[in-house]
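K.L.:
from the sequence below, what's the structure:
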Amino acid sequence: MKSSPMTIGEAADHFGLPAHVLRHWESVGLLSPARVTGRRRYTRDDLYRVASILRAKQAGLSLPDIRAFLAAHDPAARKDVLRRNHSALHARMTALRSALDLLEAGLNCTHEDISTCPNYRAHLTELVDVGVPG
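P.N.:
Okay, the predicted model is just below:
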């Protein structure tokens, strides 16, 4: 990164974002870049903040949760936000692992009719057996 502050366009390009995303994040209180002659200037610290927002979004945090996380001066408050989202992310990861297992079973199936493949069906049993009497 260059050492002088970046314009909004440069900062947006740096992260592969449209500039309106940075403007929106500023409007909801996630960013507050300095202004020089009325124009936003993004410092290295601002870029770290953008990177934090991007990673938090990848983890599934909402913008209000990201704001609460980044604004928290109390470690306990910050950890509350992270703990709540940690559980949700863990649940999504478990579901994604299950979905990936199903796709891999389908890719490894040599049966003409995949719906009759025992290996493929094994990945669906928990859904089929829910609420079905033994």
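K.L.:
pull out the buried residues from stretch 20-33.
P.N.:
Of all the residues in stretch 20-33, those buried under the rule 16 or more other C-beta atoms under 10 Å are 22, 25, 30-31, 33. Glycine gets a C-beta too; all of them are placed from N, C-alpha and C.
K.L.:
does R39 touch P5 like I think?
P.N.:
No - using C-beta atoms under 8 Å, R39 is not in contact with P5, being 9.8 Å away.
K.L.:
roughly how far is the worst-scoring helix or strand of the chain on mean pLDDT from the heart of the chain?
P.N.:
When each helix and strand of the chain is scored by mean pLDDT, DSSP states H and E, helix 125-128 comes last, with a mean of 85. Remark: helix 125-128 is offset 29 Å from the chain centroid, using C-alpha atoms, centre = their mean, to the nearest Å.
K.L.:
ok, residues contacting that helix?
P.N.:
Under the contact criterion C-beta atoms under 8 Å, 6 or more residues apart in numbering, helix 125-128 has no outside partners.
K.L.:
what does stretch 8-24 give?
P.N.:
Here stretch 8-24 makes contact (C-beta under 8 Å, 6+ apart) with 1, 6, 31, 33, 39-40, 42, 46-47, 50-51, 54.
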